[in-house]
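Chemist: Next comes the sequence, and after it the predicted model I'd like to discuss.
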Amino acid sequence: MPPAMDVEIRRCTSAEEVREAITPIGYYFGHSAPRKDQAERLTRVLPAQRVYAAWEGGRAVGGLGAFPFQLTVPGGRLPAAGVTVAGVLPTHRRRGVLRAMMRALLDACYQQGEPVAYLWATEDTIYGRFGFGLASFTAAIDLARERSAFHAPFADPGRVQLVSLAAAEEFVAEIYEKVAVETPGMFARSSAWWQARTLADPESRRGSGGDLQCAVLENDGRPVAYALYRMNSAFEQGLQTGVVAVIEAMGDSPEATRAVWRYLLDIDWLARVKARLLPLDHPLLLLLAEPRRLGFSLRDGLWVRLLDVEAAMSARSYQAQGYVVIKVTDEFCPWNAGCWRVGSDRVERTDKAPGLQCDISALGSVYLGGFTWTQLARALRVKELVSGTVAQADAIFQARSAPWCPEIF
Ligand SMILES: CC(C)(COP(=O)(O)OP(=O)(O)OC[C@H]1O[C@@H](n2cnc3c(N)ncnc32)[C@H](O)[C@@H]1OP(=O)(O)O)[C@@H](O)C(=O)NCCC(=O)NCCS
């Protein structure tokens, strides 16, 4: 159904309009109007022309935007639209407002040469219809501190220092970038992003938690790992029940990663260590003597949408020689429909007979390496037209690590 006649979909032209455009999503977080500081921080990283709104009588009843990211994919990086702030007021829901904004946004991203769009979904029923496929898992842990011993004795993390948030960027940005450039699903962070998002610690983000802390591990005077976390202390009958809530922790080598986690797991006073937004293949699973104690729990992570099959597929690397021919259907972006030859040497349209047939969302699922073609076939999301092609496609698409995006945008 098209949006009501009196609703106009138009991109924003000013920070003030962006503030209007995020009012609908803010409504679902319980706010009648966006907090001034939140809007100000957002507009530092989300240009007005990247935000669409559904306007009715000068007021935004819906909003949808896309951060201009450089996304890491297996073997490379490419421009990608990080879709965000999707919201339609309950007074205007189910009239096609989201659909109309998505049309405008994805068309613009495609025309601007962004071959991929991706997002975090609040509900997993919303985005499949627009061609997004589930592309990664994200994990959470909740570990009792006294059960956190590593399988091999390791006690001393080395020299760790607490760094103020004002000074943190110069210690942590390089470590992040080293990890991000090798990890599918992570994007390059600008200085504005560090300041307005990652290292910002406004009251509204703390909930009942403590201040955002930054610990930096050094090796030979060089920062090699960092952790951002909050100390959420609590006591019951004199016993500690508090939690170290890890926001983000990573190192530029397996040793550095192990050491920064040992530091976090050994902080006195708090009973448990909790973290979320971890990758499926997080090293803690094999570092701990009792991995079951992690309470490692999974849920859906990123959703990926290929806007330009040729450009997106050409931007990633492939593991094996040879190629597969995939027949793709794409209702929302019909320019992608047809047969594609995907191989390590080149990706191109072809009139060769296809070995696989699937919807565009299936390509989104395998793109970052979070799912295999075999998994798609078992779920009847890909049809094998020529026997053996699923296995061949898995050999070609194989990725070295699970996708990871350590933050919700
Ligand atoms: C999700 C939301 C943006 C949808 O907006 P909307 O304008 O009602 O969506 P549309 O009318 O354009 O719906 C398009 C299609 O998606 C379906 N759809 C929309 N939201 C859905 C949901 N939450 N669950 C299942 N289906 C949904 C509609 O039924 C419609 O289906 P159709 O194309 O088969 O007719 C809106 O309900 C909302 O703001 N929800 C709360 C905030 C939120 O979850 N935002 C997403 C953040 S990631």
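Modeler: Right, received. Where do you want to start? Every value quoted in this text rests on a predicted model; they were computed, and no experiment measured them. Numbering: from 1, shown residues only.

Chemist: When you work out contacts or count neighbours from here on, use the C-alpha atoms and nothing else.
Modeler: Noted.

Chemist: Glu20: helix or strand, and which one exactly?
Modeler: helix 15-21 (DSSP states H and E).

Chemist: Now that helix: buried residues?
Modeler: Ala15, Glu17, Val18, Arg19, Glu20, Ala21 (16 or more other Cα atoms under 10 Å).

Chemist: ok, Ala173 - contacts?
Modeler: Arg189, Trp194 (Cα atoms under 8 Å, 6 or more residues apart in numbering).

Chemist: What residues of whichever helix or strand it is part of count as buried?
Modeler: Using DSSP H and E, the element containing Ala173 is helix 165-180. Residues Leu165, Ala168, Glu169, Phe171, Val172, Ala173, Ile175, Tyr176, Glu177, Val179, Ala180 are the ones in helix 165-180 that count as buried (16+ other Cα under 10 Å).

Chemist: what's the answer for stretch 59-77, then?
Modeler: Buried, per 16+ other Cα under 10 Å, within stretch 59-77: 60-77.

Chemist: Pull the helix or strand of the chain with the lowest mean pLDDT out as PDB, backbone CA atoms only.
Modeler: When each helix and strand of the chain is scored by mean pLDDT, DSSP states H and E, helix 203-206 comes last, with a mean of 85. The C-alpha trace of helix 203-206 is given here as PDB (Å, rounded to 0.1, in the frame of the first residue of the first chain):
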ATOM      1  CA  GLU A 203      24.000   9.900  31.400                       C
ATOM      2  CA  SER A 204      21.400   8.500  28.900                       C
ATOM      3  CA  ARG A 205      23.700   5.600  28.000                       C
ATOM      4  CA  ARG A 206      24.700   4.600  31.500                       C
END
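
Chemist: ok, and what's touching that helix?
Modeler: Helix 203-206 has contacts (Cα under 8 Å, 6+ apart) with Leu212.

Chemist: what does this structure have sitting close to the ligand?
Modeler: 25, 28, 86-89, 93-99, 120-122, 125-126 (Cα under 6 Å from any ligand atom).

Chemist: My understanding was that Ala192 contacts Leu46; is that so?
Modeler: No - applying Cα atoms under 8 Å as the test, Ala192 and Leu46 come out as separate, 10.2 Å apart.

Chemist: Which one of those two is surrounded by more residues?
Modeler: A direct count of neighbours by other Cα atoms under 10 Å for Ala192 and Leu46 places Leu46 higher, at 19 against 13.

Chemist: The more buried one: what's it in contact with?
Modeler: Gly65, Ala66, Phe67, Pro68 are the contacts of Leu46 under Cα under 8 Å, 6+ apart.

Chemist: out of the residues of the chain next to the ligand, which are inside helices?
Modeler: Ile25, Tyr28, Val97, Leu98, Arg99 (DSSP state H).

Chemist: For stretch 104-121, buried residues please.
Modeler: 104-106, 109-110, 114-121.

Chemist: hmm, who's touching stretch 348-355?
Modeler: So stretch 348-355 is contacted by 310, 324-327, 338-342, 384-387, 389 (Cα under 8 Å, 6+ apart).

Chemist: Oops, could you answer that again for stretch 153-170 instead?
Modeler: By Cα under 8 Å, 6+ apart, the residues outside stretch 153-170 that reach it are 191, 194-195, 199-200, 212-219, 258-260, 262-263.

Chemist: switch the cut-off to 6 Å
Modeler: Cys214, Ala215, Val216, Leu217, Glu218, Ala259 (Cα atoms under 6 Å, 6 or more residues apart in numbering).

Chemist: again with stretch 270-282
Modeler: 138-145, 240-246, 404, 406.

Chemist: could you give me the average pLDDT of that stretch?
Modeler: For stretch 270-282, the mean pLDDT works out to 97.

Chemist: Kindly report the same for stretch 377-394.
Modeler: Here the average pLDDT along stretch 377-394 is 98.

Chemist: Output that stretch as CSV, restricted to C-alpha atoms.
Modeler: C-alpha atoms of stretch 377-394 as CSV (Å, rounded to 0.1, in the frame of the first residue of the first chain):
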residue,chain,number,x,y,z
ALA,A,377,20.4,-25.6,1.4
ARG,A,378,19.4,-27.4,4.6
ALA,A,379,16.9,-24.5,5.3
LEU,A,380,15.7,-24.7,1.7
ARG,A,381,16.9,-21.1,1.0
VAL,A,382,19.0,-22.2,-2.0
LYS,A,383,18.1,-24.7,-4.7
GLU,A,384,20.9,-26.9,-6.0
LEU,A,385,20.3,-27.2,-9.7
VAL,A,386,23.5,-29.1,-10.5
SER,A,387,24.6,-31.7,-8.0
GLY,A,388,27.8,-30.8,-6.1
THR,A,389,27.4,-27.0,-6.6
VAL,A,390,26.6,-26.3,-2.9
ALA,A,391,29.8,-28.0,-1.8
GLN,A,392,31.8,-26.2,-4.5
ALA,A,393,30.3,-22.9,-3.5
ASP,A,394,31.2,-23.5,0.1
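
Chemist: Against the ligand, how distant is Arg197?
Modeler: 18 Å (Cα to the nearest ligand atom, to the nearest Å).

Chemist: ok, and the closest non-adjacent residue to Tyr127?
Modeler: Once flanking residues are discounted, Tyr127 sits nearest to Ala121: 7.5 Å by Cα to Cα, 6 or more residues apart in numbering.

Chemist: mind checking how far stretch 306-317 is from the chain centre?
Modeler: Distance of stretch 306-317 from its chain centroid, counting by Cα atoms, centre = their mean, to the nearest Å, is 18 Å.

Chemist: circling back: so after the least confident helix or strand of the chain, what's the next helix or strand?
Modeler: strand 212-219.

Chemist: List the pairing partners of the following helix or strand past that next one within its sheet, with orientation.
Modeler: As assigned by DSSP H and E, the chain's next helix or strand after strand 212-219 is strand 222-232. Next to strand 222-232 in the sheet, as set by DSSP bridges, lie strand 212-219 (antiparallel), strand 243-251 (antiparallel).

Chemist: Just the C-alphas of strand 222-232, formatted as PDB.
Modeler: Provided in PDB are the C-alpha atoms of strand 222-232 (Å, rounded to 0.1, in the frame of the first residue of the first chain):
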ATOM      1  CA  ARG A 222      53.100   0.300  22.900                       C
ATOM      2  CA  PRO A 223      49.300  -0.100  23.300                       C
ATOM      3  CA  VAL A 224      48.400  -3.600  22.200                       C
ATOM      4  CA  ALA A 225      44.900  -4.200  23.700                       C
ATOM      5  CA  TYR A 226      42.100  -2.200  25.300                       C
ATOM      6  CA  ALA A 227      38.900  -2.700  27.200                       C
ATOM      7  CA  LEU A 228      35.900  -0.300  27.500                       C
ATOM      8  CA  TYR A 229      33.700  -1.300  30.400                       C
ATOM      9  CA  ARG A 230      31.500  -0.200  33.300                       C
ATOM     10  CA  MET A 231      31.800  -1.200  36.900                       C
ATOM     11  CA  ASN A 232      28.200  -1.900  38.100                       C
END
